[in-house]
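[1] Got a sequence here, can you model it:
(2 chains)
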Amino acid sequence: MSEREICLSGTGVSKVFGFGNRKTVAVDNVDFNFYSGELVSIVGESGSGKTTLIKMLLGLTSVTEGEIQFLGKKRDIRTRSKKKEYWKDIQAIFQDPFSSYNIFSKIDSVLLDCIHMRGGRMLPKAKKIEMMEEACRFVNLKYAEMTNKYPFELSGGQMQRLMIARIFLLRPKILLADEPTSMIDACSRATILDMLLNLRNETGMTIIFITHDMGLAYYISDTVYIMERGKIVEFGSADEVILNPQADYTKRLLSDVPKIHEPWEFSKRNQTPPPQTPVEA
Amino acid sequence: MKNTLKQVFRSANFRIGFIIIVLILLLITIYPIFSPGNPLQMIGYDSFIPPGLYVSLYDSLDVPRIYTLRLEGADQIRIYAKLRPTDRELIRDWLLLYSEYNEVFELRKEDINLEDTEALLGLWWTYFDPEIRFENLTIAERRAFARLDTRIDGIFDLYDKYIWTYNPETGEQELVGSVTNLAYINVSDVTNVRLLPLGTDNFGRDMFKQLVSAITTSLAIGLIAGLIATMIGLVLGLLSGYLSGFVDDVIMFFTNLFTVIPGIVLLILISYSIGQEQRGPATVAIVIGLTSWVWTTRSVRAQVLSLRNRDHVNLSKLSGHSLPRIVIKDILPYIASYVVMAFILQVSSAILAEAGLSMLGLGPRTTETATLGLMMNWAMRYTAHLSGAWWAYYPVILVIALISFALNLINTGLDRVFNPQLRD
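    A predicted model of the protein is given here:
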């Protein structure tokens, strides 16, 4: 493991909201090492601090305590220009595609922003359109249908695919995906996961995948981190953590996963007869 | 955009308010074209001339043709105009008093027929004596009887009226012509005719013209004040909500400071300290604007606070957009409908604030422009209500109420469309 390059790591990272009696510790003294090219899943219940951790990694909220290292150096995002540089390398897909877009700007401008961010502001218009077409083709959308449309005219799955097209154009080193499939129906979910994995194969980017779905985490990830109430309770390779869980919390999470292949134990359930309502005379 | 407009116009509230405002705007744009001139020009030598059509008596004598019309009932109408029902009652009252006073003269109330003009006047002319002093009669009442007597003197006379004029050659008065009781003229033949739809005020200024110019000025004051208040409120609210931290603390400190000082007190103090001579309509508008931004700031800030952590703002940040661009493109459009509504309310309240200030005598300096508040102030100061000159203040009150009512209707109409909780 040690020969691989660490692209993002943190030591003692904490986030505290409020102070005094009303203090809430969202992320509590977390250590992590994310290696380049890895697909890391962070699994936990709602409220376990996954999203806060992601926001800190993105630099959207400040870190209360601790230090985040990016590409082996201490992360420095104190000025706007440095932040902008940082965001060239680290991007995100959010959970809710419906609230991820500005409803007043058109789809073209969303994609054009990405080209501009990669330094393509001076490119000829035809080249830009070609790039956008390529990105749309990658996520199975037709650029001709997208142009001059507003994001809210698309379906949820299409919006999330557009989000991946965005990442395709941006080519960041790290992608933080905050439950990108949780708001979408099962069919689109598989497509989107496929696209994410394709993108990873093509660009070799690190994907940090946030989910509450243990099964999903097992299928796609190399490394799994389990978070409970702001703490990382267990981490390791997917096989280690999910097939041989150590922490109680992980075991509980695993037991909550519905097992489709096992028949539901009706016989056990129906041993006690349902209480009968007394018939009134 | 088109759909939003359609939706907005589907709301009955909005339609009514919009129509009222459009009608008022049409009035203030079209009327000055047809009736140009200074609205504050004093045209009347009397104060509080009642509304009506004014025909030049001098020019009436010079009309090219005089017509003879034998109209039925013309004499009765003429007598009726001189002898009103109240006058007839006055005659009856005197006669009853006289019958009590004079033991020989016996008259009961039932015997008097108020409709029978000749009998009534016959009794009056036989017995009325201004020298008789009844008991329990005030001087004013006694004089009213005397005035009535002179007024109805010669009420049945149908003599011709003669027109004399001065002849500069002979230096003598010369008979020009005579007018019979059957002579008529056509009003359109008279050179000088003026319609005064709302009469004049105490200075003899055409009230309607003044009202139209006052609406223009008041709306302008409302717009300027509303724009200033909304701009300040919007900028401070956006900065305070989006930047948070120290900037937020400083802005909220000043906002809270202004919140606890009643706006009207501040308005009065500032207006007073500026002084009468310096206060034009623009100054008043600026003063009103500078004292009424507080609530816009607070509500814009609250809206921005809820918007700044939305995913689309985060995405915009991740796309490397600058702060002004995020505020203008990702936050402003989301609160635009709210800001428009706040602006409309600000305009409405600024018009009311101007009226209030001017009523207190702290409005724009007089003699240059009329505003709705100033017209109210003049009507109050020159006691229009005591003169029974309703036309000096009722139309103004009505217009102020209409404008603010229409703007509020527009606001509720917009609210119905933009507020998802109220949407049908």
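[2] Quick check: the residue nearest to residue B:41 when sequence neighbours are not counted vs residue B:193, distance?
    Of all residues not flanking residue B:41 in the chain, residue B:205 sits nearest, at 6.6 Å (CB to CB, 6 or more residues apart in numbering or on different chains). For the C-beta atoms, the positions are set from N, CA and C on the backbone; glycine is no exception. Plainly put, residue B:205 is 19 Å away from residue B:193 if you go by CB to CB, to the nearest Å.
[3] and what of residue B:290?
    When distance is defined by CB to CB, residue B:290 is 48 Å away from residue B:193.
[4] what do you get for residue B:83?
    Taking CB to CB as the measure, residue B:83 falls 29 Å from residue B:193.
[5] Which of the two has more residues huddled nearby?
    More neighbours surround residue B:83 than the other of residue B:83 and residue B:193, with 19 against 14 (other CB atoms under 10 Å in any protein chain shown).
[6] quick one, helices of the stretch 251-400 of chain B?
    B:263-274, B:281-291, B:294-307, B:311-318, B:323-325, B:332-359, B:372-381, B:394-418 (DSSP state H, counting those that start in this stretch).
[7] Report how many residues lie close to residue B:40.
    By other CB under 10 Å, 17 other residues sit near residue B:40.
[8] Using a markdown table, lay out the helices of the stretch 251-400 of chain B together with mean neighbour count and mean pLDDT.
    Conversion of those to a markdown table gives the following (neighbours: other CB atoms under 10 Å in any protein chain shown; pLDDT from 0 to 100):
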| stretch | mean neighbour count | mean pLDDT |
| --- | --- | --- |
| helix B:263-274 | 16 | 84 |
| helix B:281-291 | 22 | 90 |
| helix B:294-307 | 20 | 91 |
| helix B:311-318 | 22 | 89 |
| helix B:323-325 | 11 | 88 |
| helix B:332-359 | 21 | 91 |
| helix B:372-381 | 23 | 91 |
| helix B:394-418 | 19 | 90 |
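[9] Turn those into JSON lines, columns for distance to chain A.
    Listed next are the helices of the stretch 251-400 of chain B as JSON lines, based on distance: least, CB to the nearest CB, whole Å:
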{"stretch": "helix B:263-274", "distance to chain A": "34"}
{"stretch": "helix B:281-291", "distance to chain A": "28"}
{"stretch": "helix B:294-307", "distance to chain A": "11"}
{"stretch": "helix B:311-318", "distance to chain A": "4"}
{"stretch": "helix B:323-325", "distance to chain A": "8"}
{"stretch": "helix B:332-359", "distance to chain A": "4"}
{"stretch": "helix B:372-381", "distance to chain A": "38"}
{"stretch": "helix B:394-418", "distance to chain A": "14"}
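[10] For the stretch 101-250 of chain A, what lies in contact range of chain B?
    Within the stretch 101-250 of chain A, the residues that sit near chain B (CB under 8 Å from any CB of the partner chain) are A:101-105, A:113-114, A:117.
[11] for the stretch 1-150 of chain B, which spans come out with low pLDDT?
    B:1 (pLDDT under 70).
[12] The helix or strand harbouring residue A:216: which residues count as buried?
    According to DSSP states H and E, residue A:216 maps onto helix A:214-220. For helix A:214-220, a neighbour-count test (16 or more other CB atoms under 10 Å in any protein chain shown) marks A:214, A:216-218, A:220 as buried.
[13] what are the ranges of the strands in chain B?
    Using DSSP state E, the strands of chain B run over B:52-55, B:67-68, B:161-167, B:172-179, B:183-184, B:193-196.
[14] would you list those in TSV and tack on distance to chain A?
    Formatted as TSV, the strands of chain B follow (distance: least, CB to the nearest CB, whole Å):
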stretch	distance to chain A
strand B:52-55	57
strand B:67-68	72
strand B:161-167	78
strand B:172-179	77
strand B:183-184	71
strand B:193-196	52
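[15] Which one, of those, ends up nearest to residue B:102?
    Of all those, strand B:161-167 sits nearest to residue B:102, with 38.2 Å by CB to CB.
[16] Where do the domain boundaries of chain B fall?
    B:2-42+B:202-418, B:55-71+B:158-193, B:84-154 (automatic domain parsing).
[17] Tell me which of those domains is the most buried.
    Greatest average neighbour count among the domains of chain B goes to domain B:2-42+B:202-418 (a mean of 18), per mean count of other CB atoms under 10 Å in any protein chain shown.
[18] so the spatially most central residue of chain A bridges to which residues?
    By CA atoms, centre = their mean, chain A has its centre lying nearest to residue A:177, at 2.0 Å. Beta-bridge pairing of residue A:177 under DSSP bridges involves residue A:93, residue A:209.
[19] any idea how far chain B is from it?
    Going from residue A:177 to chain B by CB to the nearest CB, to the nearest Å gives 13 Å.
[20] thought that residue was touching residue A:210?
    Yes: applying CB atoms under 8 Å as the test, residue A:177 and residue A:210 come out as touching, 6.5 Å apart.
[21] And the helices in the stretch 151-281 of chain A, which stretches?
    Assigned by DSSP H, counting those that start in this stretch, the stretch 151-281 of chain A shows helices spanning A:156-170, A:186-203, A:214-220, A:238, A:248-255, A:266-269.
[22] Could you dump these into a markdown table and include mean pLDDT?
    Shown next, in a markdown table, are the helices of the stretch 151-281 of chain A (pLDDT from 0 to 100):
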| stretch | mean pLDDT |
| --- | --- |
| helix A:156-170 | 87 |
| helix A:186-203 | 86 |
| helix A:214-220 | 84 |
| helix A:238 | 83 |
| helix A:248-255 | 81 |
| helix A:266-269 | 50 |
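[23] Make a markdown table from the ones you listed and add distance to residue B:387 to it.
    As requested, those are exported to a markdown table (distance: least, CB to CB, whole Å):
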| stretch | distance to residue B:387 |
| --- | --- |
| helix A:156-170 | 72 |
| helix A:186-203 | 80 |
| helix A:214-220 | 87 |
| helix A:238 | 95 |
| helix A:248-255 | 88 |
| helix A:266-269 | 93 |
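[24] for those helices, which one sits closest to residue B:101?
    helix A:156-170 (101.6 Å).
[25] and residue B:74, what is it in contact with?
    Residue B:74 makes contact with residue B:181, according to CB atoms under 8 Å, 6 or more residues apart in numbering or on different chains.
[26] What of residue B:341?
    Contacts of residue B:341 by CB under 8 Å, 6+ apart are B:411, B:414-415, B:418.
[27] List the contacts of residue B:196.
    Contacts of residue B:196 by CB under 8 Å, 6+ apart are B:49, B:51-54, B:206-208.
[28] ok, 7 Å please
    By CB atoms under 7 Å, 6 or more residues apart in numbering or on different chains, residue B:196 lies in contact with B:49, B:51-52, B:54, B:206.
[29] repeat for residue B:304
    Each residue near residue B:304 by CB under 7 Å, 6+ apart is listed here: B:237-238, B:241-242, B:331, B:335.
[30] again with residue B:166
    residue B:173.
[31] Tell me the spacing between it and residue A:256.
    With CB to CB as the criterion, residue B:166 and residue A:256 are 117 Å apart.
[32] Over to residue B:139?
    Residue B:139 is 104 Å from residue A:256, by CB to CB.
[33] And for residue B:11?
    Per CB to CB, residue B:11 is found 49 Å from residue A:256.
[34] do the same with residue B:25
    Applying CB to CB, the value for residue B:25 to residue A:256 is 66 Å.
[35] sorry, back to before: for the strands of chain B, give me a markdown table that also has distance to residue A:83.
    Below are these laid out as a markdown table (distance: least, CB to CB, whole Å):
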| stretch | distance to residue A:83 |
| --- | --- |
| strand B:52-55 | 75 |
| strand B:67-68 | 93 |
| strand B:161-167 | 96 |
| strand B:172-179 | 96 |
| strand B:183-184 | 91 |
| strand B:193-196 | 71 |
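[36] sorry, back to before: farthest-separated two in the contacts of residue B:196?
    Greatest spatial distance among those (CB to CB): B:52 and B:206, at 12.3 Å.
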